[in-house]
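[1] fold the stuff below for me.
(2 chains)
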Amino acid sequence: MGREKEKEKPSEEALNLLRSRLSDPNFIFRPLSDSPDSNYSKLKFIISTSVTEACNNSILLLGPRGSGKVAVLELVLSDLLLQYPEAISVIRLNGLLHSDDNCALKEIARQLCMEHQLLFSKVASFDDNSLFVIAMLRECGLAHKTIIFVLDEFDFFAQGKQRLLYSLLDAMQSVNSQAVVIGVSCRLDVDQLLEKRVRSRFSHRKLLFLSPSKEETERLMEHILSLPVDSSIPHNYAAEFNGRLKKIFSDERFKELINTYLSYNFTIGHLVRFLFQAVSYMDLDVRFLSHENFKTALSSNQRQPKLECIRDCSILELYMLVCMKRLEVKEQNSYNFYSVMTEYKSIHDSSQTSDNYAANVCLRAFEHLLQRQLISFIDNKGHNQSVEFRPVKLLISSAELHQGLKSYHQCPAILLRLMDR
Amino acid sequence: MDMEGSPQVTRRTTRSCAVSSNDVESTKPSESYKPTLNDLAFGKQPFGLEDLLSRFPCRRTQILEFLRLLGPLNSPLFPVLVYGGPSTGKTSVTLQVFRHLNRPFIYSSCVTCYSPRILFESMLNQLLFHRKDSKHSYSSVKRCERPSDFVNYLREALENVISSLKGNSGKSNSKMSGRPDGTMVYLVFDNLECVRYWDKSSTILPFLFNLYDILKMPEVGLIFISNISPDMYYLNIGYVEPIPLYFLNYTEDDLRHIFMVNQTNRKLYASFLDVVLRPFCRVTRRVDELAAALSSLFKKYCEPLSDKEVAPNEEMKRKLFSQIRPHISSALNETFQVRSQPLLGAEANKTKKTNSSKMSGILEDFDKIDFHMSTSAKYLLISAFLASRNPATLDASLFDSTGVSDSRKRKRKASEKSMDQKEMAEQELHMKGPGTFPLERLLAIFQCITSLAEDSLDEEESRELTTEGSSRGLMSDVLLQLSSLCNANFIIKGGSCPLEGSTRYRTAVSEDLALKVARSLKFPLSKYLYRR
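    Numbers count the residues shown, from 1 in each chain, chains lettered A, B, ... in the order given. Coordinates of the predicted model:
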């Protein structure tokens, strides 16, 4: 493997570099955080003042998924840890994992033990853990060490009785402690979910993370995808790569493409994923990114899953779907497999087609449709009835069905006629 | 059995205990296999790209796209969701791609790991190189039920594995067989759609999709394989979606390519496919179902040929086509089952006997049920069917003390209005499904029918001396039979009666099956069925 690394083509090296850049949130969000009124600076100011002035604080970071809340927070924390190495310790909780109070307190105790090299006992009870946490808060407060609690998916902590939040915030207020509670959430109204007693102890500071403007996005893309000229990649290759990239970016079609993508996926996280796809489609023989890569990435994101399902169906399955559609049109609200079979037979009686199959084959096609989730049972409690008698509903609209039939290769004409009537 | 060897045992031993106790002493307990880091690779010799593409004849674009998404060695990866219909090759392509790349991965399927705890423990077992064996009573290496514990253990295990991989890659010549390449570990989750039906699916599904963000380890790649499209996974909580990779169903030409692979006589099989493939593709396009159906049809197709290696010319093709044609339409109406061997042999015998009418030979098979049931179970099945189909008020007249049903009464001419009413009633019957009945009614009908059967058997015995193994008196525990029928889903336990609270039952067999069972018992079912 060592020998192969030396012969590695510059295009492969470039590909590796771009892919690792795109997967690294620190690299993506650092340029956005350079300006003085960015969220980065505000957050850094708040936390560093709490550290230096030895006071408690709480703040909420809000914004849609992928807008960089946790990434910016990690940037701030890593910078502060460099600045004040002994004065900060960070505890990270996640609402998906630790919404249960027992779990959460155990995790806090475990992380505190790990930071301060204490032994953590797995069988400690809830009371033991809570006493321990309060004691640690007091000790850290006396030692002028700030504990920063990062609560990711904050809306999960706000479900139920909010015991954890209350005990944390209460401890912050009563005990002589220095703590900062940072809540991160995608719900913009998460502070409305808090109970009265919790909300009164929470400072109403919020930082909103919005998507960047168009110029900022373009600058970001160029920054991410341009190869550095002074690295192990050969200089002329990097220069040519960047030149071609600039040409692609200034092309009108590309601007249109990016606008289409960003019109419904407007966060940086989505953009980064799109660029990752485009970069991975780069053809190593061509050695440079091309407009085609971006177009392929866009089309793979613009899938229409139900139409693809229809295209994958066999003709018998299409018959079943059309029969169900006709039953719906006849305003028969609930139908099951037998009603569909009666409709199917009546179609064949009226217009002698060649596709008349027996009931067991039709039942199997019906079960295939259930598996692909084009139809589903109306309720999940009907397990005391066999499959043929349970009422079903269509999960595909008539417009999609129509479109699917039109684009189906060699669709029988009778199906289209039946749909039109 | 060696009586002198066994010690003075005061407690009862079963026969199997006594037999095996001697064997265990003679053999040493075998060394259990200890998995190592090399087990994370596929295990067999990796092969080149052309080999990989030739194994999957019509999957070239998908394989190349997958390889491009995985990227070169040690390159980080966003989560990928591979989705497509069943039997389109998603799992096999994924596994063979990892064999080609020779990178370490762990695989867990949400069908075999049917609860979160089993899923978590199976993944930890693979990462911590633990194999369940009898020494530790088949327990996992760590007990892990909650996602929070799982994340902590997973992070530890992954860090260990990655550091040992990094140590390995420092040494030269890691193309030695068995040693995986690179420093990235890939986690493959198969059959993700099963998670939607778990109890805790509302927390586990978002957890799995957010696992990449929670772990924040760039050396870990996540790959999800699912039968349903990503839009069916929309939940209350969002997530940045994984990169989708779609495996579309094979078209007819693709299917032709796939079935031509590994055929010895290609021209013969090609002529067979020309005739057969198109009608079958109208019914189903799944490879597994088509393969089962086409293999048995191909045997019939080749029957008249004395030399199986010959390449057919036009005339031979026409002859073969006319011979196979009646079989095609009947085969299309079968749900493609792979029959057990004895039935195939019996089928061959039957078709040899009835040379004149080959169609009847096939129809005869449809009349027989192809599973075994005891006689009393068959009677119970029929009684359940009757109890569900007939309204309870008719029981007295149908099963009166002489056991003779009087169907001659209902021969009135049907008027227009009553025909319409009949249709509506039938439709209603089909919508509602079979009715429920309490246990007592089932047993009462069962009693009546079996007393009938005993009488008729007595009559028959006086004529013939041989009985085909059916017992005269049905002396089995009826309630035991009933519970085994419930477990086999022939009878379903319905809701309970609102007044009394006792459980009610419902039949789950179709009329065809009930008729087949009745025919095997020579029971006149149609006389007892209530038709409006």
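
[2] the strands in chain A, which residues?
    For chain A, the strands defined by DSSP state E cover A:57-62, A:88-94, A:146-152, A:179-185, A:206-208, A:375-377, A:392-394.

[3] ok, and what's touching the last one?
    Strand A:392-394 has contacts (Cβ atoms under 8 Å, 6 or more residues apart in numbering or on different chains) with A:321, A:324-325, A:328, A:335-337, A:370, A:374-378. For every residue, glycine as well, the C-beta is placed using N, CA and C.

[4] try 7 Å
    A:Met324, A:Lys325, A:Glu328, A:Tyr335, A:Asn336, A:Ile375, A:Ser376, A:Phe377, A:Ile378 (Cβ atoms under 7 Å, 6 or more residues apart in numbering or on different chains).

[5] what comes up buried for that strand?
    A:Val392, A:Leu394 (16 or more other Cβ atoms under 10 Å in any protein chain shown).

[6] that one: how far from the chain's middle?
    Taking Cα atoms, centre = their mean, to the nearest Å, one finds strand A:392-394 lying 30 Å from the centre of the chain it belongs to.

[7] if you average pLDDT over that strand, what comes out?
    The average of the pLDDT scores along strand A:392-394 is 89.

[8] do the fourth one as well
    Averaged across strand A:179-185, pLDDT comes to 92.

[9] what does the first one give?
    The average pLDDT for strand A:57-62 rounds to 92.

[10] what of the fifth one?
    With pLDDT averaged residue by residue, strand A:206-208 scores 91.

[11] what's next to that strand, contact-wise?
    A:Asn39, A:Lys42, A:Leu43, A:Ile59, A:Leu60, A:Leu61, A:Leu62, A:Gly63.

[12] what about 8 Å?
    Applying Cβ under 8 Å, 6+ apart, the external contacts of strand A:206-208 come out as A:Asn39, A:Lys42, A:Leu43, A:Ile59, A:Leu60, A:Leu61, A:Leu62, A:Gly63, A:Leu188, A:Asp191.

[13] ok, the third one next?
    Contacting residues not belonging to strand A:146-152 are listed as A:47, A:50-51, A:54, A:70, A:73, A:77, A:87-95, A:108, A:136-137, A:140, A:157, A:168, A:177-184 [Cβ under 8 Å, 6+ apart].

[14] go with 6 Å
    A:51, A:88-94, A:140, A:157, A:178-184 (Cβ atoms under 6 Å, 6 or more residues apart in numbering or on different chains).

[15] now narrow those to whatever sits close to chain B.
    Residues of the contacts of strand A:146-152 in contact with chain B (Cβ under 6 Å from any Cβ of the partner chain): A:Asn94.

[16] sorry, back to before: out of the contacts of strand A:392-394, what pair is the most spread apart?
    For the contacts of strand A:392-394, the maximum inter-member distance is 17.7 Å, found between A:Lys325 and A:Phe377 (Cβ to Cβ).

[17] phi first, then psi, for the residue in the stretch 301-450 of chain B that chain A sits nearest to.
    Chain A sits closest to B:Gly433 of the stretch 301-450 of chain B, with a gap of 3.2 Å, by Cβ to the nearest Cβ. Backbone torsions for B:Gly433, taken as degrees, to the nearest 10, come to phi 90, psi 180.

[18] tally of neighbours for the residue lying closest to it once chain neighbours are set aside?
    In space, B:Gly433 comes closest to A:Phe389 once its chain neighbours are excluded; the distance is 3.2 Å by Cβ to Cβ, 6 or more residues apart in numbering or on different chains. The local packing of A:Phe389 (other Cβ atoms under 10 Å in any protein chain shown) involves 17 other residues.

[19] so what's the most centrally placed residue in chain A up against?
    Nearest to the mean C-alpha position of chain A, by Cα atoms, centre = their mean, lies A:Arg65 at 6.2 Å. Going by Cβ under 6 Å, 6+ apart, A:Arg65 touches A:Cys186, B:Gly238, B:Val240.

[20] which one of those sits closest to B:Met373?
    The closest of these, once distances to B:Met373 are taken by Cβ to Cβ, is B:Gly238, at 52.0 Å.

[21] okay, now B:Thr61: neighbour count?
    10.

[22] are we agreed that it is in a helix?
    Yes - counting by DSSP: H, G, I helix; E, B strand; the rest coil, B:Thr61 falls inside a helix.

[23] confidence score at it?
    B:Thr61 is assigned a pLDDT of 90 by the prediction.

[24] do A:Pro234 as well
    So A:Pro234 comes in at 84 (pLDDT).

[25] excluding chain neighbours, what is closest to it?
    A:Pro10 (5.3 Å).

[26] isn't that neighbour up against A:Ile233?
    Yes - between A:Pro10 and A:Ile233 there is a contact under Cβ atoms under 6 Å: 5.3 Å.

[27] show me where pLDDT drops low in chain A?
    Applying pLDDT under 70 to chain A flags residues A:1-8, A:381-383.

[28] which positions in it make contact with chain B?
    Going by Cβ under 6 Å from any Cβ, the residues of chain A near chain B are A:1-2, A:12, A:16, A:19-20, A:23, A:65-66, A:94, A:96-98, A:103, A:269, A:273, A:276-277, A:280-281, A:305, A:312, A:314-316, A:338, A:357-358, A:360-361, A:364, A:373, A:384-386, A:389.

[29] how about the residues of the stretch 1-150 of chain B near chain A?
    Counting by Cβ under 6 Å from any Cβ, the stretch 1-150 of chain B sits next to chain A at B:Arg68, B:Leu69, B:Gly71, B:Pro72, B:Ser75, B:Pro76, B:Phe78, B:Gly85, B:Pro147, B:Ser148.

[30] mind doing that once more with 8 Å?
    B:65, B:68-69, B:71-72, B:74-78, B:84-86, B:146-148 (Cβ under 8 Å from any Cβ of the partner chain).

[31] helices - which of those land there?
    B:Glu65, B:Arg68, B:Leu69, B:Pro147, B:Ser148 (DSSP state H).

[32] wait, doesn't the second one sit right on A:Ala278?
    No - B:Arg68 is not in contact with A:Ala278 according to Cβ atoms under 8 Å; the separation is 10.8 Å.

[33] look at these two and report which has more neighbours.
    Using other Cβ under 10 Å, the more surrounded residue of B:Arg68 and A:Ala278 is A:Ala278, with 24 against 19.

[34] wait, isn't B:Pro230 in contact with B:Glu241?
    Yes - the criterion here is Cβ under 8 Å, and B:Pro230 meets it with B:Glu241 at 6.3 Å.

[35] ok, back up a step: got the contact list for the residue nearest to A:Pro234?
    Neighbour list for A:Pro10: A:Ile233, A:Pro234, A:Tyr237, A:Ala238, A:Arg287 [criterion: Cβ under 8 Å, 6+ apart].

[36] mind doing that once more with 6 Å?
    With Cβ under 6 Å, 6+ apart, A:Pro10 has these contacts: A:Ile233, A:Pro234, A:Tyr237.

[37] re the thing from before, whichever of the ones in helices among the residues of the stretch 1-150 of chain B next to chain A end up buried, select them in PyMOL.
    Buried residues within these, by 16+ other Cβ under 10 Å, are selected in PyMOL with:
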select buried, chain B and resi 65+68+69+147+148
